[in-house]
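[1] fold the following.
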Amino acid sequence: MKKIIYKITYPNGKIYIGKDLTNTLTYFGSVKGEYVAKDFTEDEMKDFTIRKEVLFESESKEEINKIESKFILEYQSNNPDIGYNQWPKFKE
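    A predicted model of the protein is given here:
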């Protein structure tokens, strides 16, 4: 079964990088909702569009697990100014 690493882009331009070991079309990650919600007004949350892009595909769970953090660091999605990933911890 194909496994993926994906990038979610929110309306404010911030991103989240994640993996999906089942390649489920409707899976949009395990980002902490409170981190995202604080960036949007109540009105903005009423009409909310996100984009999901597949960055990498593999049949190997080990390969996906190994390189997920590389994509997080490459896209700097662990930097609170850029994204919502909490791991690996961002170092300025």
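
[2] return the distance of the worst-scoring helix or strand of the chain on mean pLDDT from the chain's centre.
    Lowest mean confidence among the helices and strands of the chain (mean pLDDT, DSSP states H and E): helix 33-37, at a mean of 92. In terms of CA atoms, centre = their mean, to the nearest Å, the centre of helix 33-37 is found 13 Å from the chain centre.

[3] before we move on, what about stretch 53-67?
    Put simply, stretch 53-67 sits 14 Å off its chain's centre (CA atoms, centre = their mean).

[4] hang on, the earlier thing: buried stuff in the least confident helix or strand of the chain?
    For helix 33-37, burial by neighbour count (16 or more other CB atoms under 10 Å) applies to residue 36. In this view, the C-beta of every residue, glycine as well, is placed from N, C-alpha and C.

[5] so which elements touch the next helix or strand after that helix?
    Using DSSP states H and E, the helix or strand that follows helix 33-37 towards the C-terminus is strand 51-58. In this structure, strand 51-58 packs against strand 3-9, helix 61-75, with contacts taken as 3 or more CB pairs under 8 Å, 6 or more residues apart in numbering; DSSP states H and E.
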